[in-house]
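[1] Provide a 3D model corresponding to the input given below.
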Amino acid sequence: MIISSFFKKYDDNEFLYCTNTRRKLTYGEFFDLSSRVASIFAETGISSNDRIFFSTDNSIELYLAWTATIILGADIVLIDPNYSNDLINSIYKKLKPTLFITDKKKFSLCKVITPGDLSQMISLYSPYKGPSNTLSDVISFTSGTESLPKGVVRNISSYFDNAVKFSSEIGIDIPCKNILSTFSGYYLGGFYNSFIIPIVNGWKITIIPNFYPNLVVKFWSVVKENHVDTLWLVPSIINLLNTFALRNKQTQNLSSIVKHVLCGTSPLLLDSRVKFKENFGLNIMENYSLSETLFISSQRHKDRDHSVGNLMSYVDMDNNLSKISVRTPYLLTKYINLSGNDISYKKKSLFDTGDLGEIVYRKLSIIGREKDLIIRGGVNISPKYIEEILATSSIDEIAVIGAPDIISGEKIICYYVSKFNFDKELKLLSKSKLNRIFRPEKFIRLDAFPKTSSGKILKTKLKNFYK
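    The predicted structure follows:
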């Protein structure tokens, strides 16, 4: 069994600590409890190739249930609790799970077990002793910003193999590090970045149920109190931490505590990186990955440039006219379509990421999404370029989109998040820093941006605010 080797290797190391319950487990203690949860699942009829839905916040019980599912060789399906009932029902009809692990007991289509139920039942069961020769698949869903989400299917062995290679290449394969679980458990980053990668390296995971905006107030206290030395953040969290520090004049140098800060899921603005260094004394190692490909590139510890780092050794890239297409042994095996036929992929197939980028000596910089490209007067304009220029300490977040225009084809609209109106300031900055064709025609202030569960700005929904 692929997962058991890591738990045997790090048997006595501390594995989990939950900030809410104050409960802690070693690798050995955790695996014993996971085997008992596997017995619970087996009694409910779960066996290899069955599917279990997961839609719950981070907790020890969630991690136990994931591991139990892998022990049994069943499939893990990650479900965003923010999905509508209709969408969840559509996913159910397509995948037909045997069990649903969720905080919500109201789901009549299959058996439901809550994390609280598992906590009460574990002591009544012995460790699972049955066969476990089948390797689980993991199914996560794309954000579905323009259509129904698609299920991304990949075998669990690929996650473990990629985690080992990625960690080794960027130099984070150091046992006994302590990472904070900033990704939601129902999101692939919660499963892969904050669970599988720590396991293969023998790290401790400090569990917070979820990263919610109010946590910003005490975020660094949680880090210091729990001796967290590794953070994996997304741009939206970095922006929140920067904004709070500047508004409350709470800058501090945390470089003696935090040794690694990784960032991914969407491009990070240069201004955000610079502010984070100024506010907290911490450098960011940015990486680039998709749920379909896993890691494509990453910065290393000593990198200080603004890029997403060097291509991983196992990645081949076709950089044709700035469109990023890659070949990787960790490509998804299948897309599950909720409204049509599924699409299968072969290893080493060329995969179009939908992103635009530049590569020099295997170092990759992201320009933006191909679908976000603005074509104005026949000129291709990168929204990210404008966002980089206009990002200032006065605003929290910024997003630039194109809107239809009869004369030029598309006009440029700039949205920003702030408590105050900075339209005049942004217009002046635009006039002084940008060529006329790159200047936004309108600035729109919002209280918050619509986002996916992974923190990506939903630019398609931003267009609804423009009249």
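[2] only C-alpha atoms for contact and neighbour calcs from this point on.
    Will do.
[3] how close does the residue nearest to the spatial centre of the chain sit to Lys277?
    Among the residues of the chain, Gly189 comes closest to the average C-alpha position under C-alpha atoms, centre = their mean, at 3.8 Å. To Lys277, Gly189 is 24 Å away according to C-alpha to C-alpha, to the nearest Å.
[4] hmm, back to that, nearest residue to the residue nearest to the centre of the chain other than its sequence neighbours?
    Nearest residue to Gly189 in three dimensions, chain neighbours excluded: Phe183, at 5.8 Å (C-alpha to C-alpha, 6 or more residues apart in numbering).
[5] what's the answer for Ser59, then?
    Pro209 (6.1 Å).
[6] who's in contact with the residue nearest to Gly189?
    With contact set as C-alpha atoms under 8 Å, 6 or more residues apart in numbering, Phe183 has these partners: Gly189, Gly190, Ser194, Asn210, Phe211, Leu233, Ser454.
[7] could you pull out the helices in the protein for me?
    Secondary structure of the chain (DSSP state H): helices at 4-9, 27-43, 60-72, 85-95, 115-121, 156-170, 188-191, 197-201, 219-225, 235-247, 270-280, 383-390, 423-433, 459-462.
[8] closest to Arg362 out of those?
    With C-alpha to C-alpha as the criterion, Arg362 lies closest to helix 156-170 of these, at 14.0 Å.
[9] show me what that closest one is packed against.
    In terms of contacts (3 or more C-alpha pairs under 8 Å, 6 or more residues apart in numbering; DSSP states H and E), helix 156-170 is packed against helix 197-201, strand 294-298.
[10] output the ones you listed in CSV; the columns should cover mean pLDDT.
    Formatted as CSV, the entries for the helices and strands packed on helix 156-170 read as follows, by pLDDT from 0 to 100:
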stretch, mean pLDDT
helix 197-201, 98
strand 294-298, 96
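[11] on that earlier part again, nearest to His301 among the helices of the chain would be which one?
    Between His301 and the helices of the chain, the tightest spacing by C-alpha to C-alpha is seen for helix 156-170, at 7.2 Å.
[12] which residues are contacting that closest one?
    By C-alpha under 8 Å, 6+ apart, the surrounding residues in contact with helix 156-170 are 2, 135-138, 173, 192, 196-197, 200-201, 294-295, 298-301, 312, 330.
[13] buried ones among those residues?
    Burial by neighbour count, judged by 16 or more other C-alpha atoms under 10 Å, picks out 135-138, 173, 192, 196-197, 200-201, 294-295, 298-301, 312, 330 from the contacts of helix 156-170.
[14] put the alpha carbons of stretch 194-205 into CSV.
    What follows is stretch 194-205 as a C-alpha-only set of coordinates in CSV (Å, rounded to 0.1, in the frame of the first residue of the first chain):
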residue,chain,number,x,y,z
SER,A,194,-1.6,20.6,2.6
PHE,A,195,-1.9,16.8,3.1
ILE,A,196,0.0,14.6,0.6
ILE,A,197,3.1,16.8,0.3
PRO,A,198,3.5,17.0,4.1
ILE,A,199,3.1,13.2,4.4
VAL,A,200,5.9,12.4,1.8
ASN,A,201,8.3,14.7,3.6
GLY,A,202,7.4,13.8,7.2
TRP,A,203,6.1,17.3,8.1
LYS,A,204,3.8,18.2,10.9
ILE,A,205,0.4,19.8,9.9
